[in-house]
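A.B. asks: Pasting the sequence and the predicted model now:
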Amino acid sequence: MPAAIEAEGLRKRYGAVEALRGVDLRAEEGSVFGLLGPNGAGKTTAVRILTTLLRPDSGSARVAGFDVERDPKRVRERIGLAGQYAAVDENLTGAENLEMVGRLYHLGRRAARARARELLDAFDLAEAGGRYVRTYSGGMRRRLDLAAALVARPPIVFLDEPTTGLDLRSRISLWDSIEALVAEGTTVLLTTQYLDEADRLAQRIAVIDQGLVIAEGTPPELKAQVGGDRLEVVLADGAQGDAAAAALAGLARDGAPEREDGVVRVPLDRRAGAIAAAVRRLDEAGIAIEDVGVRTPTLDDVFLRLTGHRAEAEEEAEAR
Amino acid sequence: MTAARHAVSDTFVLARRSLFRIRRQPDLLIGYTVQPIMFVLLFVYVFGGAIRTPGLDYADFLLPGIIVQSMVFGGFVTALGLAEDMKKGLIDRFRSLPMTTSAVITGRTLADIGANVVQLVVMLAVGLLVGFRFATGPLEIAAGIALVLLVGYAFSWVFAFLGLTASSPEAANAYGFTVLFPMTFVSSAFVPVETMPGWLQAIARNNPFTTMVNAARDLFLGIDGGNAVWGAIAWSLGIIAVFSVLAVWRYRRAVLR
């Protein structure tokens, strides 16, 4: 499959800060590519370079087959951009905003108007279309912003943290819109600091931290990097850890079970039957347990493993 | 050809956007019209009695001057608008579109012409009420109106440059007024230059505002301004040439950070 977005060795420095330190990316046509990373990782800088808004200090990128530095206009004809700061004119109505964008893509007046109406309907803004944008809620602005990115039916759409700061309902509604978009064959590059968002929407994910891509793959591949499914047993008596680890060694995929206080973690070969087998073995060894379960790693585990810190401040708070 | 057609179309689309803003914020238009009216009334009724303008009614003397001054300051809307745009994400949207880059600025300056026409109509109406009378034929009057609009358009580019250079809309406003306000006063706009001290007369005579005001008096009142009309046109075109290059340069520099 041809690549819709390709970048090699992108570097960008702002004064003393190196925002990008040699980033390679490749997104296949018709897929959702997730760029996952915490605030300040370099996601927005990468998007700005790929959308021709910013020149890299070195490295190169092609979008829809055109070089972003040598052929910016051709690139712009083929992309749509929606950002975290809803880029719409507050002093215009929703309909006027979309019409204006349509005219700037050089659709005719009538075509621009028709397309505006179509998008307002599709994004559930038909009733609000005649109102000034400054009266819109945050979620409505983001939907309008996304609609503006789609005016010219671009084959490639860049979404820079499209749901940051939105409430759950607005996020889910935006996710539905993005999924509908991909179903039509649009390539989407999505940046996010939300792991669940990347997990739900993206077929491939590049994890970016401090200006470098530190891991890349499908969500299952990334999860496998952390070791796949694990059995977790919480012992009634913490002193029995060694005995429990010995009893469970036969279930482990490779290496010995890990021990930490009264918890034993066993990397699993097969998930099926693991709990029953573990309970039986521990019972035979006369070890009492408080809790047992199989844990599938999340992207948050991936992040923690790769970077040594968590991706999201909120999740850190929740984890305690 | 297509590129040129698109550039014109992009400019008009964005000029429309700027004018819509006035529709949404009618108080902008009030500032636009009330302030010049206030100035006309203040000068005619407060200072006018004390200012001797041989052979001319003060209202006749004043109006071309004050019209040129308000055309010059009409462009501050462009400075405010651009300074605001630069702070928000909207510029990123425009730059991600296959439109003509400079249309963001040409659209604003074109919209200023529209706003200046409104201002001009209001000022002429108030002028006629306080006693101003044209002394020339329709052709000269039309040429005079075109000339003051050209002057206003030229200074829109100066303000565009200021708006893109200043750190905030407020700063842009402050720059504009501190630099341009004294310049409009040290000219033939409000008092005859001969009444100033000698050293100031030298400045006032070489001030482009003096040339522009004299050109307006020539076309509206038939007072021979020598080469003032041609001088005013040359100044305006020169200002447009220099400041359009500067403004576009600032814009590119600001957005390609």
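C.D. replies: Great, that's in hand.

A.B. asks: any idea how far B:N173 is from B:F76?
C.D. replies: Distance, B:F76 to B:N173, by Cβ to Cβ, to the nearest Å: 6 Å. The C-beta positions use only the backbone N, C-alpha and C, and glycine is treated the same way.

A.B. asks: Between the two, which is the more surrounded one?
C.D. replies: Neighbour count, other Cβ atoms under 10 Å in any protein chain shown: between B:F76 and B:N173, B:F76 has more, with 25 against 18.

A.B. asks: got the phi/psi numbers for that one?
C.D. replies: The phi/psi pair for B:F76 (degrees, to the nearest 10) reads phi -70, psi -20.

A.B. asks: Surely it is in contact with B:F159?
C.D. replies: Yes - using Cβ atoms under 8 Å, B:F76 makes contact with B:F159 at a distance of 5.4 Å.

A.B. asks: So for A:A4, what's the pLDDT?
C.D. replies: In this model, A:A4 is scored at 92, pLDDT.

A.B. asks: sorry, back to before: mutual contacts of B:F76 and B:F159, please.
C.D. replies: Residues touching both B:F76 and B:F159 comprise B:A172, B:G176, with contact defined as Cβ atoms under 8 Å, 6 or more residues apart in numbering or on different chains.

A.B. asks: can you map out the strands along the stretch 151-257 of chain B?
C.D. replies: Ranges of strands within the stretch 151-257 of chain B: none, based on DSSP state E, counting those that start in this stretch.

A.B. asks: and what of chain A?
C.D. replies: Here chain A has its strands, by DSSP state E, at A:3-14, A:17-28, A:32-36, A:58-63, A:66-67, A:79-82, A:156-160, A:187-192, A:204-209, A:212-217, A:230-235, A:258-260, A:263-267, A:289-295.

A.B. asks: Could you export the ones you listed as JSON lines, including distance to A:L98 and mean neighbour count?
C.D. replies: Compiled in JSON lines, these are given as follows (distance: least, Cβ to Cβ, whole Å; neighbours: other Cβ atoms under 10 Å in any protein chain shown):
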{"stretch": "strand A:3-14", "distance to A:L98": "24", "mean neighbour count": "19"}
{"stretch": "strand A:17-28", "distance to A:L98": "26", "mean neighbour count": "19"}
{"stretch": "strand A:32-36", "distance to A:L98": "24", "mean neighbour count": "27"}
{"stretch": "strand A:58-63", "distance to A:L98": "23", "mean neighbour count": "20"}
{"stretch": "strand A:66-67", "distance to A:L98": "25", "mean neighbour count": "16"}
{"stretch": "strand A:79-82", "distance to A:L98": "12", "mean neighbour count": "28"}
{"stretch": "strand A:156-160", "distance to A:L98": "15", "mean neighbour count": "24"}
{"stretch": "strand A:187-192", "distance to A:L98": "20", "mean neighbour count": "26"}
{"stretch": "strand A:204-209", "distance to A:L98": "31", "mean neighbour count": "23"}
{"stretch": "strand A:212-217", "distance to A:L98": "35", "mean neighbour count": "17"}
{"stretch": "strand A:230-235", "distance to A:L98": "49", "mean neighbour count": "20"}
{"stretch": "strand A:258-260", "distance to A:L98": "55", "mean neighbour count": "13"}
{"stretch": "strand A:263-267", "distance to A:L98": "52", "mean neighbour count": "21"}
{"stretch": "strand A:289-295", "distance to A:L98": "46", "mean neighbour count": "14"}
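
A.B. asks: List the beta-bridge partners for the closest residue to A:L150 other than its chain neighbours.
C.D. replies: Among residues not flanking A:L150 along the chain, A:G80 sits closest, at 5.5 Å (Cβ to Cβ, 6 or more residues apart in numbering or on different chains). Following DSSP bridges, A:G80 is listed with bridge partners A:V157.

A.B. asks: related to what we said a few turns ago, got TSV for the strands of chain A, with distance to B:G127 too?
C.D. replies: As requested, the strands of chain A are exported to TSV (distance: least, Cβ to Cβ, whole Å):
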stretch	distance to B:G127
strand A:3-14	54
strand A:17-28	57
strand A:32-36	62
strand A:58-63	57
strand A:66-67	57
strand A:79-82	49
strand A:156-160	53
strand A:187-192	58
strand A:204-209	64
strand A:212-217	68
strand A:230-235	86
strand A:258-260	88
strand A:263-267	88
strand A:289-295	83
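
A.B. asks: Mind telling me which of these the model trusts least?
C.D. replies: Looking at these, the lowest mean pLDDT belongs to strand A:258-260 (a mean of 79).

A.B. asks: B:R23 looks like it's in a helix, true?
C.D. replies: Yes - counting by DSSP: H, G, I helix; E, B strand; the rest coil, B:R23 falls inside a helix.

A.B. asks: and residue 49, how many neighbours?
C.D. replies: With no chain named, the answer covers chain A. Neighbour number of A:I49 under other Cβ under 10 Å is 27.

A.B. asks: oops, I was thinking of chain B
C.D. replies: Other residues close to B:G49 by other Cβ under 10 Å number 9.

A.B. asks: what separates it from A:L119, distance-wise?
C.D. replies: 62 Å.

A.B. asks: Next: A:A224.
C.D. replies: 40 Å.

A.B. asks: what's the answer for B:S156, then?
C.D. replies: From B:S156 to A:L119 the distance is 34 Å (Cβ to Cβ).

A.B. asks: can you map out the helices along the stretch 101-250 of chain A?
C.D. replies: A:109-122, A:138-149, A:168-183, A:195-201, A:219-225, A:241-248 (DSSP state H, counting those that start in this stretch).

A.B. asks: Dump the ones you listed to a markdown table, plus mean neighbour count, distance to B:D27 and mean pLDDT.
C.D. replies: Compiled in a markdown table, the helices of the stretch 101-250 of chain A are given as follows (neighbours: other Cβ atoms under 10 Å in any protein chain shown; distance: least, Cβ to Cβ, whole Å; pLDDT from 0 to 100):
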| stretch | mean neighbour count | distance to B:D27 | mean pLDDT |
| --- | --- | --- | --- |
| helix A:109-122 | 17 | 28 | 94 |
| helix A:138-149 | 23 | 24 | 90 |
| helix A:168-183 | 15 | 33 | 86 |
| helix A:195-201 | 21 | 42 | 86 |
| helix A:219-225 | 17 | 53 | 80 |
| helix A:241-248 | 18 | 74 | 84 |
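
A.B. asks: Mind putting those into JSON lines with distance to B:P64?
C.D. replies: JSON lines is the format used below for the helices of the stretch 101-250 of chain A (distance: least, Cβ to Cβ, whole Å):
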{"stretch": "helix A:109-122", "distance to B:P64": "40"}
{"stretch": "helix A:138-149", "distance to B:P64": "46"}
{"stretch": "helix A:168-183", "distance to B:P64": "57"}
{"stretch": "helix A:195-201", "distance to B:P64": "63"}
{"stretch": "helix A:219-225", "distance to B:P64": "73"}
{"stretch": "helix A:241-248", "distance to B:P64": "96"}
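
A.B. asks: Could you say which one of the ones you listed comes nearest to B:D10?
C.D. replies: Of all the helices of the stretch 101-250 of chain A, it is helix A:109-122 that lies closest to B:D10, at 12.8 Å by Cβ to Cβ.

A.B. asks: Is that closest one positioned near chain B?
C.D. replies: No - applying Cβ under 8 Å from any Cβ of the partner chain, one finds helix A:109-122 out of contact with chain B, separated by at least 9.3 Å.

A.B. asks: what's that helix in contact with?
C.D. replies: Counting by Cβ under 8 Å, 6+ apart, A:94-95, A:98-99, A:102-103, A:105, A:107, A:125-126, A:128-129, A:147, A:150-151, A:177 sit against helix A:109-122.

A.B. asks: pretty sure A:S177 is touching A:G139, no?
C.D. replies: No - counting by Cβ under 8 Å, A:S177 does not reach A:G139; the two are 11.3 Å apart.

A.B. asks: and for those two, which residues touch both?
C.D. replies: Counting by Cβ under 8 Å, 6+ apart, A:S177 and A:G139 have no common neighbour.
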